[in-house]
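Student: Sequence first, then the predicted structure, then my questions.
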Amino acid sequence: SGTAGSEHSLNDNMHLSISKQYYAARHGYKFHMTVSNEYIDYFPKDLFADLPPGAPNDNYFYGIMTKPIMFLDVMYKYPDDEWIIWSDDDTFINSGFLYMPLDSFLSDVPSNKVFVLANYRSAFTNVFAVRNNQHGREVVRDWIAIAMSGYIQCHGYDQAALGLLIINKFTLNHDQYNNLYPLNFMCLYNETGQMGCNNHGDWSCDFKFEWALYNAGFKTDRADQFFGDKISSFSKGCANNYVDDFHIISETSSRPRFQCGHCTRASEIESSDHWDGPLGGGNNLLIPGGVNSWFFNHKMKFLFYEQYVNPSNCLRLDDFIPYCNEFVVEGKDKNFLRPDGRLLSLVDGFGFDISIGRFCKLANSQAIIKQKETTYMKDYPEVISVVNKYSNEEFIKMYKSTSGGYGRHPCNDNNDGCENGAKEDGQKNRRPLPPYKDFKSTNRLFFEKENYCDTCVEKEISNFENLGYVKKVLDCKSD
């Protein structure tokens, strides 16, 4: 995982990250947390100097774009491990599947595929896995090259760069017309936003990625939409045989979906309170027969705490967080506990050792007292006192999330926007499905089969998108 190396950034999702350190220890995996500060200088500071005011040209932009560099560095740190799995610091593992090893998702990935994504919209990089061999590292280096090329200037930054790499792979491998903007995919800042992006509503290249692939033939009979753009058959996971190196994994009868976006319930893909995607949060309809749940969730921090404060959801594992090798440095920044500046004091008696990329427990009583006096820990007694004034019913009615601005919102008196039964628990925690999306019986969408895309047909399209070539393109249909 990775984040900015500051006490604020590390504190914000500290408990989520520690839960993944727990999962790694439980299964004998290695956990490593990187900090983007140490990689920002790899990017030339004048790379986007000519962008107009309001366009991305700050440390946040550079920090996000360092993800492929951070990832490659970790690949070299652990050269003997077969897979490296990335998860953003604001993702967490469903406590109901903590017993499940990562092999459950990776064991059936074909040996010639090295980059694994979830069946989620666009080239989302919240969660992904790369085979840690020479070819896998070559693909990540190509990703870095695009991130550093100057041809990615808009959201989703690192994942827009990955999207362009996927498009490049497809066009090169299938002898399609290729130039700086393959399949008319462009992610450059443009005041009009005609092909690129701007600050006037045309802001993300995630949608342009889906548009480019859909119009290149990665189609479904009925493609669901998000923000007016169709989701391609590539993102749905039914075109794995048509793109080299990249593989989309889907839910099956024995495993849940690898990643859910903004899901508000632990056992439903359909439970999302976000605006994009067929089910919200970029989520697609459940594959019939697949486990209706998720392994990783993005945002929805309130659900993380609902799950992890219940001790019955976890197998006790002592000492999965080691003690820090610290001593308080007088006269230094209060948040550093070693003179090398590599051990940060956080909250709740924890620290983060940048040298080893792991969280640790403080042993120094002076440092623990300082946390209670100088962090938000000092507000704990007042918060507890206020919360205790509410009955359970009152608390549920006012219960909202602060995780990225998304979460559960109370139903109004008319039950508007609430599914049947949702009003009883005071939550609008599922987006109602449009009538035509009968996900239990429809055969109008592609669903996973034993052989990916075994019912797809190829069609010849001439002069497609005015690019001047005749090409067979994939039309992935269940009928």
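Tutor: The structure has been received and is ready for your questions.
Student: Cys21 - nearest residue in space that isn't next to it in sequence?
Tutor: Careful, residue 21 is Gln; it's not Cys. Phe31 (4.4 Å; C-beta to C-beta, 6 or more residues apart in numbering). In short, each C-beta sits where N, CA and C put it, glycine included.
Student: Work out for me the element the one you found sits within.
Tutor: In the assignment (DSSP states H and E), Phe31 maps to no helix and no strand.
Student: in the stretch 101-250 of the chain, which spans are helices?
Tutor: 103-106, 134-147, 158-173, 205-215, 233-236 (DSSP state H, counting those that start in this stretch).
Student: now these as CSV including distance to Phe350 and mean neighbour count?
Tutor: Converted to CSV, those look like this (distance: least, C-beta to C-beta, whole Å; neighbours: other C-beta atoms under 10 Å):
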stretch, distance to Phe350, mean neighbour count
helix 103-106, 29, 17
helix 134-147, 31, 18
helix 158-173, 28, 22
helix 205-215, 34, 24
helix 233-236, 37, 28
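Student: buried ones in stretch 339-358?
Tutor: By 16 or more other C-beta atoms under 10 Å, the buried positions in stretch 339-358 come out as 343-354, 357-358.
Student: which outside residues touch it?
Tutor: Identification of contacts with stretch 339-358 by C-beta atoms under 8 Å, 6 or more residues apart in numbering yields 5-7, 10-11, 14, 18, 21, 31-35, 38, 321-322, 324-326, 329, 332-337, 359-362, 367-368, 370-371, 375-377.
Student: let's go with 7 Å and repeat that
Tutor: 5, 7, 10-11, 14, 21, 31-35, 324, 326, 329, 332, 335-337, 359-362, 367-368, 371, 375-377 (C-beta atoms under 7 Å, 6 or more residues apart in numbering).
Student: how long is it from one end to the other?
Tutor: Its first and final residues considered, stretch 339-358 spans 18 Å by C-alpha to C-alpha, to the nearest Å.
Student: For it, give the mean pLDDT please.
Tutor: In this model, stretch 339-358 has an average pLDDT of 90.
Student: Off-centre distance for that stretch?
Tutor: 25 Å (C-alpha atoms, centre = their mean, to the nearest Å).
Student: Stretch 259-271 too?
Tutor: Distance of stretch 259-271 from the chain centroid (C-alpha atoms, centre = their mean) equals 13 Å.
Student: same question, stretch 366-376
Tutor: With C-alpha atoms, centre = their mean, you get 32 Å for stretch 366-376.
Student: buried ones in it?
Tutor: Quick answer for stretch 366-376 (16+ other C-beta under 10 Å): Ala367, Ile368, Lys370, Gln371, Thr375.
Student: if we can go back for a sec, which among the buried residues of stretch 339-358 gets closest to Val127?
Tutor: Nearest to Val127 among those is Gly357, at 17.9 Å by C-beta to C-beta.
Student: Would you format the helices of the stretch 101-250 of the chain as CSV with distance to Ser87 and mean pLDDT included?
Tutor: Listed next are the helices of the stretch 101-250 of the chain as CSV, based on distance: least, C-beta to C-beta, whole Å; pLDDT from 0 to 100:
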stretch, distance to Ser87, mean pLDDT
helix 103-106, 12, 97
helix 134-147, 16, 96
helix 158-173, 14, 88
helix 205-215, 18, 86
helix 233-236, 19, 86
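Student: Compile the ones you listed into JSON lines and extend it with columns for distance to Pro44.
Tutor: Formatted as JSON lines, these follow (distance: least, C-beta to C-beta, whole Å):
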{"stretch": "helix 103-106", "distance to Pro44": "36"}
{"stretch": "helix 134-147", "distance to Pro44": "12"}
{"stretch": "helix 158-173", "distance to Pro44": "16"}
{"stretch": "helix 205-215", "distance to Pro44": "21"}
{"stretch": "helix 233-236", "distance to Pro44": "32"}
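Student: And those: which comes nearest Lys67?
Tutor: Of the helices of the stretch 101-250 of the chain, nearest to Lys67 by C-beta to C-beta is helix 158-173, at 4.3 Å.
Student: Compute the inter-axis angle for the closest one and helix 205-215.
Tutor: 20 degrees (axes from the mean of the first three to the mean of the last three C-alpha atoms, to 10 degrees).
Student: List of residues touching helix 158-173?
Tutor: By C-beta under 7 Å, 6+ apart, helix 158-173 touches 64-65, 67-68, 122-125, 142-143, 146-147, 152, 154, 178, 182-183, 185, 187, 205-206, 209, 212, 243-246.
Student: So how do I select the buried members of the residues you listed in ChimeraX?
Tutor: In ChimeraX syntax, the buried subset of these is picked out as below (16+ other C-beta under 10 Å):
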select :64,65,67,68,122,123,124,125,142,143,146,147,152,154,182,183,185,187,205,206,209,212,243,244,245,246
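Student: Can you tell me which of the contacts of helix 158-173 end up in strands?
Tutor: The strands, defined by DSSP state E, take in Phe246 from those.
Student: related to what we said a few turns ago, okay, and which of the buried residues of stretch 339-358 map to strands?
Tutor: Counting by DSSP E, those contribute Leu343, Leu344, Ser345, Phe350, Gly351, Phe352, Asp353, Arg358 to strands.
Student: And the closest residue to the second one other than its chain neighbours, how close does it get to His15?
Tutor: Put plainly, it is Leu344. In space, and not counting its chain neighbours, Leu344 is closest to Phe352: 4.8 Å by C-beta to C-beta, 6+ apart. For Phe352, the distance to His15 equals 13 Å [C-beta to C-beta, to the nearest Å].
Student: Equivalent analysis for Val309, please.
Tutor: Val309 is 10 Å from His15, by C-beta to C-beta.
Student: on that earlier part again, which residues pair with the residue nearest to Leu344 across the strands?
Tutor: Per DSSP bridges, the residues bridged to Phe352 are Leu344, Phe359.
Student: Could I get the full set of strands for the stretch 201-350 of the chain?
Tutor: Taking DSSP state E, counting those that start in this stretch, the strands of the stretch 201-350 of the chain run over residues 225-226, 229-230, 246-249, 257-261, 294-298, 343-345, 350-353.
Student: looking at these, which has the lowest confidence?
Tutor: Note on those: lowest mean pLDDT is at strand 225-226, with a mean of 56.
Student: ok, Val309 - how many residues close by?
Tutor: By other C-beta atoms under 10 Å, 10 other residues sit near Val309.
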